[in-house]
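Participant: Got a predicted structure here, sequence first:
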Amino acid sequence: MPLTDASHDDAGLRLAAADAAALADSIRSAGLKVTAPRLAVLRALTDKPHSNADALFGAVYSDLPGTSLQAVYGVLASFTAAGLVRKIEPAGSPALFERRVGDNHHHIVCTRCSVVHDVDCAVGHSPCLTPADALGFDVRAAEVIYWGLCARCQADTLAP
Ligand SMILES: [Zn+2]
Ligand SMILES: [Zn+2]
């Protein structure tokens, strides 16, 4: 396929098609069948990591008018089970989903505005995976959620 085609001003369209192919590949390599709702949810999650099911439903609804919140929950459950997305559940918040999986990163959450950011483990290893006493468990993952006020909320609360 030629990289450029001067007769069509469709760079955006081709980009979207390449994008869709990459999304479809990720779904297939997780062992799942590629469906329109799965493509749409994965695309929305790529655009906005740490989204909850409601937000994702809002993002895909216009492209898939026939879809339901229940269908989005179904897609997220299959993605999570297949290891394609990670589900995080900060206390007091609905479950959030993200595509960044398998690196045991952590999260920092603002207690005021609920913004969520990724926090890396020390590069190269995951010190948090070594509990003082693993009680005989084969530990595979550790979840740390740091809570605090984000920079913007600190500035807001200091403002007169
Ligand atoms: Zn905040
Ligand atoms: Zn994350």
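Facilitator: Good, I have the coordinates. Residues are numbered from 1 along each chain as shown. Ligands and ions are numbered 1, 2, ... in the order given.

Participant: Please, where are all the helices along the protein?
Facilitator: 11-29, 36-47, 53-60, 69-82, 151-158 (DSSP state H).

Participant: Just put these in CSV and tack on mean neighbour count and mean pLDDT.
Facilitator: C-beta here means a position set from N, CA and C on the backbone, and glycine is covered the same way. Output for the helices of the chain, formatted as CSV (neighbours: other CB atoms under 10 Å; pLDDT from 0 to 100):
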stretch, mean neighbour count, mean pLDDT
helix 11-29, 13, 84
helix 36-47, 20, 95
helix 53-60, 19, 96
helix 69-82, 17, 97
helix 151-158, 11, 92
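
Participant: how about the ones you listed in TSV, adding distance to Cys121?
Facilitator: Converted to TSV, the helices of the chain look like this (distance: least, CB to CB, whole Å):
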stretch	distance to Cys121
helix 11-29	23
helix 36-47	22
helix 53-60	27
helix 69-82	21
helix 151-158	22
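
Participant: Ok, which of those comes nearest ligand 2?
Facilitator: Ligand 2 lies closest, by CB to the ion, to one member of those: helix 36-47, at 11.1 Å.

Participant: Near ligand 1, which residues of this protein are found?
Facilitator: Residues of the chain lying close to ligand 1 by CB under 5 Å from the ion are Cys110, Arg112, Cys113, Cys150, Cys153.

Participant: Would you list the buried entries among these?
Facilitator: When neighbours are counted using 16 or more other CB atoms under 10 Å, the residues of the chain next to ligand 1 contain these buried positions: Cys110, Cys150, Cys153.
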